[in-house]
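Undergrad: structure here, sequence nowhere to be found:
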């Protein structure tokens, strides 16, 4: 007897494709699995659309940095120059959620010709980000110099020359250009005058090319063939360009121009600077290193629609409007949120808990929190661990609110008040800054500095109530019996949102025993 051998393997229905598939993009037809008629063209168009949306949402960070550098160049601020805001940033500068409380100084370091030396000023909050808004280093209070001032050597991709044995903090960037952003404080100056802070920055900040074999390289290294013998570089003060009052736009476009700016970024940096999976998204729509981006009429029309939807979805996340992302900082019905605590500064895992026993990290989930990253860079600029950590007394922490206690977005024609309970958890100072919904920049009104806070410059300090709480009003006109420092002006024609900042935050911020009130609509 011989067993019967089946001539065919049964085919489960779930591994086949029917002759007709009804989908949201229409009816898709197949001849025994082969796409027929217009099906292939329909699917191609839809895939281009999907790649266009993904590309828009997942490249906001890089396009944003590129837009900042281009705006600076167009304003005559060259790489290596320092854009400094001697009287703080006011609302005439369009910059994503910048503050009106600290002295900013910005620069772009060009590493394409070799490493660059940065001599950082003391007592600052500073950072270096690459052209994809990836963290390279902190300097200043959260950095290796711990606020004492120090020398950093910033090394670009592809450099294989000698490096010093010591004498500086060596940092490596995956891109040939690096964005430098520093914030310096005025709260300890007499009258909170920015001038002493600005003078210190201009005196101490140095930016100059690295000379191999100079300071940091020993004679012994030369004699043993480990490097050249060079002369010590001469520290050089950069050219400073005044920023206060400058009418300039640093914000990237929300239309097809996003893809054009992305292409310019891709062409200006090494291919190795890119994550290959991310680069694959925009390669699928024709943005490839050393290739011309020239979409035909069909693809351009698709990408224009993809940009509109990508921008809308990014704005949803950037305004904290998605209820499923876990961005809310407090339990219950609260408007206050922060997108960073779900994924940390690398958008992967929440920042670790700080316990008496030490650092307690969260389990690695192995996934990028894409919506957190999109939300962050649609709304703000720069990234550093110091922006999202549970460590007291260092850095700064942020809470955003876009709606009132009833979940209704803020109307610039209405009057609102918010109560901040006593003992606001900020060792250095606290502030509220108002922003235009559309530009995500400081709200433009007759108040050039749309802020309230504990500092008495550039607007009067907010006055506390008898019980120690502080009440802030936001409205088109100053309410009767409200002190100037407790009122922020709004524009009746514009929506707005607010960011509460705590500089050198204290433990009640992190354990949430201190909690700001919700915004009340004043009838």
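TA: That came through, no problem. Bear in mind that the values here come from a model prediction, so they are computed numbers and not experimental data. Numbers count the residues shown, from 1 in each chain.
Undergrad: quick check: which ranges of the stretch 301-450 of the chain have low pLDDT?
TA: When residues are selected by pLDDT under 70, none of them lie in the stretch 301-450 of the chain.
Undergrad: which stretches of it form helices?
TA: 370-379 (DSSP state H, counting those that start in this stretch).
Undergrad: strands of that one, start to end?
TA: 353-355, 358-360, 396-401, 416-420, 426-436 (DSSP state E, counting those that start in this stretch).
Undergrad: next, the angle strand 396-401 makes with the longest one.
TA: With axes from the mean of the first three to the mean of the last three CA atoms, to 10 degrees defining the directions, strand 426-436 sits at 40 degrees from strand 396-401.
Undergrad: ok, residue 319 touching residue 435?
TA: No: applying CB atoms under 8 Å, one finds residue 319 not in contact with residue 435, separated by 10.7 Å. Glycine gets a C-beta too; all of them are placed from N, C-alpha and C.
Undergrad: which of the two has more neighbours?
TA: The neighbour comparison of residue 319 against residue 435 (other CB atoms under 10 Å) goes to residue 435, with 23 against 20.
Undergrad: okay, and the beta partners of the more buried one?
TA: Counting by DSSP bridges, residue 435 forms beta bridges with residue 442, residue 497.
Undergrad: pull the contacting residues for it.
TA: Contacts for residue 435 were tallied using CB atoms under 8 Å, 6 or more residues apart in numbering; they are 97, 441-443, 450, 496-499.
Undergrad: where does this protein have low pLDDT?
TA: Across the chain, the ranges flagged by pLDDT under 70 are 1-6.
Undergrad: how many neighbouring residues does residue 265 have?
TA: Residue 265: 25 surrounding residues under other CB under 10 Å.
Undergrad: part of a strand, is it?
TA: No: counting by DSSP: H, G, I helix; E, B strand; the rest coil, residue 265 is not part of a strand but helix.
Undergrad: returning to what we had before: now the strands of the stretch 301-450 of the chain in JSON lines, with distance to residue 162?
TA: Formatted as JSON lines, these follow (distance: least, CB to CB, whole Å):
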{"stretch": "strand 353-355", "distance to residue 162": "39"}
{"stretch": "strand 358-360", "distance to residue 162": "35"}
{"stretch": "strand 396-401", "distance to residue 162": "38"}
{"stretch": "strand 416-420", "distance to residue 162": "54"}
{"stretch": "strand 426-436", "distance to residue 162": "41"}
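Undergrad: which residues are in contact with each of residue 319 and residue 435?
TA: By CB under 8 Å, 6+ apart, the residues touching both residue 319 and residue 435 are residue 497.
Undergrad: ok, back up a step: show me which pair in the contacts of residue 435 is furthest apart.
TA: Farthest-apart pair in those is 441 and 498; separation 13.3 Å (CB to CB).
Undergrad: between these two, who's got more neighbours?
TA: Higher neighbour count among residue 441 and residue 498: residue 498, with 25 against 20, using other CB under 10 Å.
Undergrad: surely the more buried one and residue 437 touch.
TA: No: between residue 498 and residue 437 there is no contact under CB under 8 Å: 11.1 Å.
Undergrad: let me know the closest of the contacts of residue 435 to residue 255.
TA: Each of the contacts of residue 435 was scored against residue 255 by CB to CB, and residue 441 proved nearest at 18.1 Å.
Undergrad: ok, that closest one touching residue 91?
TA: Yes: using CB under 8 Å, residue 441 is in contact with residue 91, at 7.0 Å.
Undergrad: in contact with the spatially most central residue of the chain, which residues?
TA: The chain has residue 381 as the residue nearest its centroid, 2.9 Å off, counting by CA atoms, centre = their mean. For residue 381, the contact set (CB under 8 Å, 6+ apart) comprises 64-65, 68, 95-98, 133, 181.
Undergrad: measure it to residue 453 for me?
TA: Counting by CB to CB, to the nearest Å, the gap from residue 381 to residue 453 is 20 Å.
Undergrad: now do residue 103
TA: Separation of residue 103 from residue 453 (CB to CB) stands at 15 Å.
Undergrad: out of these two, which sits in the busier spot?
TA: Neighbour count, other CB under 10 Å: between residue 103 and residue 453, residue 453 has more, with 27 against 24.
Undergrad: now the more buried one: how far from residue 100?
TA: Distance, residue 453 to residue 100, by CB to CB: 9 Å.
Undergrad: anything in contact with each of the two?
TA: residue 431.
Undergrad: next up, the contacts around residue 370.
TA: Residue 370 neighbours (CB under 8 Å, 6+ apart): 57-58, 347.
Undergrad: I'd like to know which of these are buried.
TA: By neighbour count, with 16 or more other CB atoms under 10 Å, those hold 57-58, 347 as buried.
Undergrad: how about the residues you listed in TSV, adding distance to residue 356?
TA: Shown next, in TSV, are the buried ones among the contacts of residue 370 (distance: CB to CB, whole Å):
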residue	distance to residue 356
57	40
58	39
347	28
